[in-house]
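Engineer: sharing a sequence plus its predicted fold:
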Amino acid sequence: MSPTKVINGPHLRTAQTTRNIMLHVSISLVPALLGAVYYFGIRALYLTAFSVAVCVLTEFLWQKITKKQVTAGDFSAVVTGMLLAFNMPVTVPVWVLGAAAVFSILIVKQMFGGIGSNFANPALMGRLMVMVLWPGTVMGYTAPRTLAADAVSQATVLGTVKAGGGTGYSYLQMFLGEVPGAMGETSKLLLLAGFAYMCYMGVVNAEAALTYIATVTVLTFIFGPSGLFTGDILANLFGGGLIMGGCYMLTDYVFVSRRGKLLYALAAGIITAAIRIFSTYPEGICFGILTANCLAGILALLYRQQVYGTKKKVI
């Protein structure tokens, strides 16, 4: 009888590779990039290209210096660079964007072991760093150039509503992207088109994104500014970065199981909604998702998969 041969894991195999997945994500972001150029001008393209170049170069140089395997060509740094630029207004200084790109890749990603080991979404952490160190460079937004020449706003739609004013824009304008905001977040139509592409290619979990988005919209509707059930669902859905956050920023989670991913998305949605409802900050996407990133360990304790061969404890 032949001896049993034990083979080390992992035993799950897939045709998908990191490079393949990140390439699809990069492709899915192209429509939103074209929309940013259309609404905010060619500078949006230059800033995005600069952010991507800095991210890729930083990852390449760090891995060369530390004599690690060079993974700068797996498109993960490209995705980080694009998302980081998309989270900035078109007026952001180049040096601020460059500093955020280096911080995102070097500190948040590589210092913690690279892709798959970083504790938080690198692009969102880059955005947070800029908000803390140079808030004036990212808190003012220019209205799209498709509007009147003198139509300049210092706040997003949600910021205006939070201050007690009206939206100032129709729901259709919010959906199409003809509103003040960060470069890549304004056109919900183009973001959803890219998200649909990712779903078709099987590189994203749609349930988690929908859970996050639904949680925020439902809670902000229930706990509205004028009492229970007075929230503006469409304004909360289309007026800020909720679509981009749910479709592109939430996907950096640590859970493998379906229930774990949904628990993570639910927690991120509750935190985001709480920030929108109870704080003076109108958006909450950055803080909500990053807080959920940091709480992933605690959330993992709330949901533990049953280990085969052991008995379930009766509580």
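Structural biologist: Cool, the structure landed.
Engineer: residue boundaries of the helices in the stretch 101-250 of the chain?
Structural biologist: Assigned by DSSP state H, counting those that start in this stretch, the helices in the stretch 101-250 of the chain fall at 122-133, 157-162, 171-176, 188-201, 206-222, 233-238, 242-244.
Engineer: nearest to Ala300, out of these?
Structural biologist: Closest to Ala300 of the helices of the stretch 101-250 of the chain, according to C-beta to C-beta: helix 206-222, at 15.2 Å. For glycine as for every other residue, the C-beta is placed from the backbone atoms N, C-alpha and C.
Engineer: show me what that closest one is packed against.
Structural biologist: If you count contacts as 3 or more C-beta pairs under 8 Å, 6 or more residues apart in numbering; DSSP states H and E, helix 206-222 packs onto helix 188-201, helix 233-238, helix 242-244, helix 258-278.
Engineer: would you format the ones you listed as TSV with mean neighbour count and mean pLDDT included?
Structural biologist: Formatted as TSV, those follow (neighbours: other C-beta atoms under 10 Å; pLDDT from 0 to 100):
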stretch	mean neighbour count	mean pLDDT
helix 188-201	19	96
helix 233-238	20	94
helix 242-244	26	96
helix 258-278	20	91
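Engineer: of all those, which one is nearest Pro89?
Structural biologist: The nearest among the helices and strands packed on helix 206-222, by C-beta to C-beta, is helix 242-244 at 14.0 Å.
Engineer: how far is the closest one from where the chain is centred?
Structural biologist: 8 Å (C-alpha atoms, centre = their mean, to the nearest Å).
Engineer: same check, this time on stretch 279-294
Structural biologist: Using C-alpha atoms, centre = their mean, the offset of stretch 279-294 from its chain centre is 11 Å.
Engineer: kindly report the same for stretch 196-206.
Structural biologist: Distance, centroid of stretch 196-206 to centroid of chain: 15 Å (C-alpha atoms, centre = their mean).
Engineer: same check on stretch 275-283?
Structural biologist: With C-alpha atoms, centre = their mean, you get 18 Å for stretch 275-283.
Engineer: now do it: distance from first to last residue.
Structural biologist: Terminal residues of stretch 275-283 lie 7 Å apart, using C-alpha to C-alpha, to the nearest Å.
Engineer: that older thread, save the helices of the stretch 101-250 of the chain as TSV, and put in distance to Ala101 too.
Structural biologist: Shown next, in TSV, are those (distance: least, C-beta to C-beta, whole Å):
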stretch	distance to Ala101
helix 122-133	7
helix 157-162	25
helix 171-176	29
helix 188-201	21
helix 206-222	25
helix 233-238	28
helix 242-244	18
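Engineer: now render the helices and strands packed on helix 206-222 as JSON lines, adding distance to Ile105.
Structural biologist: Conversion of those to JSON lines gives the following (distance: least, C-beta to C-beta, whole Å):
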{"stretch": "helix 188-201", "distance to Ile105": "22"}
{"stretch": "helix 233-238", "distance to Ile105": "31"}
{"stretch": "helix 242-244", "distance to Ile105": "20"}
{"stretch": "helix 258-278", "distance to Ile105": "23"}
